[in-house]
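>>> My questions concern the predicted model and sequence given below.
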Amino acid sequence: MKFTKPSWITHGDTSNKGDAATGPKRVSIFSVHVHPDGSRIATGGLDARIRIWSTKPILNEASENSGRPPKSLCTLAMHTGPVLCVRWAHSGRWLASGSDDAIIMIWDLDPTAKGKVWGSDEVNVEGWKPLKRLPGHESDVTDLAWSPEDRYLASVGLDSQVLIWNGFSLERLCKIDQHQGFVKGVCWDPVGEFLATQSDDRTVKIWRTADWQLEAEVRKPFEDSPGSTFFRRLSWSPDGAHITASNATNNQGFVFIAAVIARNSWTSEISLVGHENTVEVAAYNPHIFLRNPSAPVATANICSVVALGADDRSVSVWQTKSARPLIVAKEVFERQIMDLSWSWDGLCLYAVSSDGTLAAFKFEAEELEGIAPHSAQQQYLQKFGFISSSGQTHQPSTRITPPPSPHPLTQQHAQNGFGASANGHVNGGEVINKLVAKRNTKRRAHAAFGPSTAHTIPSAAIPSATFDSLPASMSRGQSHSHSASPLVGPGMSAILSDPSPFSPLPRRHSGDSNGSMGLGMQVPIDAIDSLGGDVRGKRKSSAMDFVDERPQTKARTLGGDRLREGAPVVKEIPLASGSGVANGQGYLAGDLGVSESASIFKVPPVLTYLNYKAGDGTEEAILEARNAESGDLTEVTYVSGKQTLWLDYLPSPVIMLTATQHFCAVGMLDGTLNIYSTTGRRLMPTLTLDSPASFLYGNKAALIALTSAGILYSWNIKKASANFPPISIRPLFSISPNSSVDGRSITLASVAARPNGSPVLTTTAGIAYSYDPSLCTFIKLSDSWWGEGSDAWTSRSRGSNTQQMASITPVAHVESLISQQNNPPSGMTQRPQWWSTAMTLGHLESKLHAAKVLDSGQEYKQFLLVYAKKIADEGFRGKAEELVKELFGPIYWRPGMAKEDGWTPSILGLTKRELLRDVLGIFARSKTLTKLAMDWQDLLKKASISSED
């Protein structure tokens, strides 16, 4: 085996050469994938870019020195967040990428797109253009997988959703949202029968591709797995017999393993043991291997090769016929492994790490004993009724070609599926029991495509780079490679319940041996009416049996009999300066109800027309207000489409509107506020404020109003009560309304509210505030000052939908708004030694408090785990012990007991001791906090056992 680690493969600012000792500054690489023809690899990193590299300079020293072919082929920069996953289609024609900007991009070859990369000194040798942008996820896209023959593309993310896309038209086909935690891994059965996903809810779920319903759920090996891993990438063996899943544990979470899940029984009786920290990724070699190369391809003669990457910075490679790994490459990287990818020939393994480097392991065919050609895999899978849509063995083309056009499944294919010969004998009596799926008498539904589908997919072809074989006596320069030593580490072994590793497990029988119960019982609803009256027997008549023959009348609404008027020309109506309406034009200045000197915000102008879009997104409604220029009529309407749902007339002109799916709010010039239901009922009496509202914002059942005099109000409309007494925001502006920073007056940049009624006030000074009723004071949610040195500062938006981001991750949204309003720190100021550490810890503690005030449980857990990781990295035992005690609570507290000393067992809907379990998992991997973690883990375990008793 040859090992190399090229220094020129990097993500980050390539124009920044860094210093002579360390070279250019590297950022994390999250994903790597090899093109099917082996000529290039794609990587995705923290710099929000995808980079495509030639593999020949990585594997061939002569090519590296000569610069032919070029090392870097292309840089793609359409994502606005870190690229977490890159995956080539099996055809090699398209590249899919997923990012934490919640977007999936499909890239297509474009021979005309060569040239200089905009905004950098890099040059693209080959061009790739964005073919299609696939929105749909609401948070980070963590993993992608193309199904066999590219029929489907599956994507998973931190929104806990699994999305299925058509692999040809790239339209979304299905959304699966049955996971209860972040989904961090996805893989396909090699014959396309099932899809497997792995989530932070500590399960692996198996989905049927026939109807996208749940086939099985595997929990046992993941019950004590830590929730702090970046990914949970799993892989399906090329013979379809096993899934190897990452982030599993044995012995109540103290032994880190990769769990091997058997097909059909969906149980994990095999564990790959030896890594000293969490396994992050598993990747099977695409070839099947023969235990006896001279024997025919049969179930009993097949094994596989799987690679594991872990947080202990090591890579291990296992052959399933052996209880010990083939190799273990220790300390290959400085940080955890993020992704693994095998070349199509099965002889090269690529690994990337969060330290920003890539490593390649090149094997000789003799080292991977028994490697079989892909034709052998195709021949083996055909025994179970699987036939390629092209009818041929899938091989990487020597030219980059479009995906094959989909062909309808033949009846013979549908009938001769997995179960057709599963329990019989074929090919001279060989018993086929490895790939037996539940019998399904239904024909599988496939997307139908018109004859023009293939022509709608852009196509272009270029000759692929050739791949030279490695010279036997290859040596590498010290500039970018080193020997992987030791290659075999002690303690690596596979724990098996069977003397033959990965051998078929005994099949579990049930009353329905063929698994077909219920599949033929789908009866259309209208078929019930066709049943004779005597079939079900007599029954008592009910009111439902009688048909109301009275003529149906359409329900009326207030104002619904008139057509909706078009939006008029919007004009500002001037306010008269006298004590009455001047010549019938304009409104009294006295209507403002506040003197100019007492106000700190401008009263919104009186316009002839205002509107606000409301509703939950399924049926958009609009709240409208019309102020007559004469000053004698103000009308409020709530409309949907061309239908007026309700209307009302008001004594004072309307200056502010807001609405949610629960209520509508109307602010008037005389300082009053009306609250309506969506049917037009007044939910509360007319509220009289100290002055007209300058800001009005609603979120679900919460409403906040900020008046021109700077008084803040907050109500819970559903309960018809105030969340806290009215409070002045003048202290936020340093007493004087003309206060300034850097010569600029401080004003409010934005006003928002959380569903719990907490206001979010962002100022132009780069500070966001909220009000905490329990402390009776304003608190800082965030401050641009943290950006000067905190590693946890969020400097950009993590999602394309701002409204969704504000709802799901409010703290991150606030920091994103502050970053957009303020210039980033220069980073040129000399700082003390502990500056970054102190700033990061202080910032994370501030974010934890902000998440509590804004009622963001998801963010609280995320910040807590990052905070624990920082404490563990620094080895601060005092802080760690204090945090543990805070989460554990009183030693003798048990569920059901009353609160003691103000300690509550949960926070934001999260159980504190469950959070502590994850925190202790992080501390256990620290060199200085291991004993502390183990002591508290024992105590936590005893407390759990005691509470169960």
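Great, that's in hand.

>>> mind listing what the closest residue to residue 84 other than its chain neighbours touches?
Closest residue to residue 84 apart from its sequence neighbours, by CB to CB, 6 or more residues apart in numbering: residue 30 at 4.8 Å. Heads up, the C-betas are built off the backbone N, CA and C, glycines and all. Residues near residue 30 by CB atoms under 8 Å, 6 or more residues apart in numbering: 44-46, 82-85, 230, 338-339, 352, 354.

>>> mind redoing it with 10 Å?
The contact partners of residue 30, by CB atoms under 10 Å, 6 or more residues apart in numbering, come to 11, 43-46, 82-86, 98-100, 142, 230-231, 338-339, 352-354.

>>> Same check on residue 909?
Taking CB under 10 Å, 6+ apart as the criterion, residue 909 is in contact with 855, 857-858, 860.

>>> farthest-separated two in these?
Comparing all pairs in the contacts of residue 909 by CB to CB, the longest separation belongs to 855 and 858, at 10.4 Å.

>>> Tell me which of these two has more neighbours.
Using other CB atoms under 10 Å, the more surrounded residue of residue 855 and residue 858 is residue 858, with 19 against 16.

>>> which strands and helices sit next to the helix or strand where that one lies?
Here residue 858 sits within helix 857-874, counting by DSSP states H and E. For helix 857-874, the elements it packs on are helix 810-821, helix 835-853, helix 877-888, strand 906-907, strand 910-911, helix 912-923, judged by 3 or more CB pairs under 10 Å, 6 or more residues apart in numbering; DSSP states H and E.

>>> re earlier: shared neighbours of residue 855 and residue 858, anything?
810, 908-909.

>>> Just name the closest of those residues to residue 200, please.
Out of the shared contacts of residue 855 and residue 858, the member with the shortest distance to residue 200 (by CB to CB) is residue 909, at 15.7 Å.

>>> where are the low-confidence patches of the stretch 201-350 of the chain?
Residue ranges of the stretch 201-350 of the chain with pLDDT under 70: 228.

>>> Hmm, I typed the wrong one, I wanted the stretch 501-650 of the chain.
In the stretch 501-650 of the chain (pLDDT under 70), the answer is 501-557, 559-567, 576-598, 615-619.

>>> From the opening residue of stretch 145-155 to its closing one, how far?
Criterion CA to CA, to the nearest Å; first-to-last residue distance in stretch 145-155 is 7 Å.

>>> Surely residue 177 and residue 160 touch.
Yes - in this structure residue 177 lies within contact range of residue 160 using CB atoms under 10 Å: 6.4 Å.

>>> Look at these two and report which has more neighbours.
residue 160 (21 against 11).

>>> I'd guessed the more buried one sits against residue 200; true?
Yes - using CB under 10 Å, residue 160 is in contact with residue 200, at 8.6 Å.

>>> shared neighbours of those two, which are they?
By CB under 10 Å, 6+ apart, the residues touching both residue 160 and residue 200 are 179-183.

>>> Helices - which of the residues you listed land there?
Within the shared contacts of residue 160 and residue 200, no residue falls in helices by DSSP state H.

>>> In those residues, which residue is surrounded by the most others?
Counting by other CB under 10 Å, top hit in these: residue 183 with 29 neighbours.

>>> which residue packs closest to that one, ignoring adjacent ones?
That would be residue 156: by CB to CB, 6+ apart, it lies 3.8 Å from residue 183.
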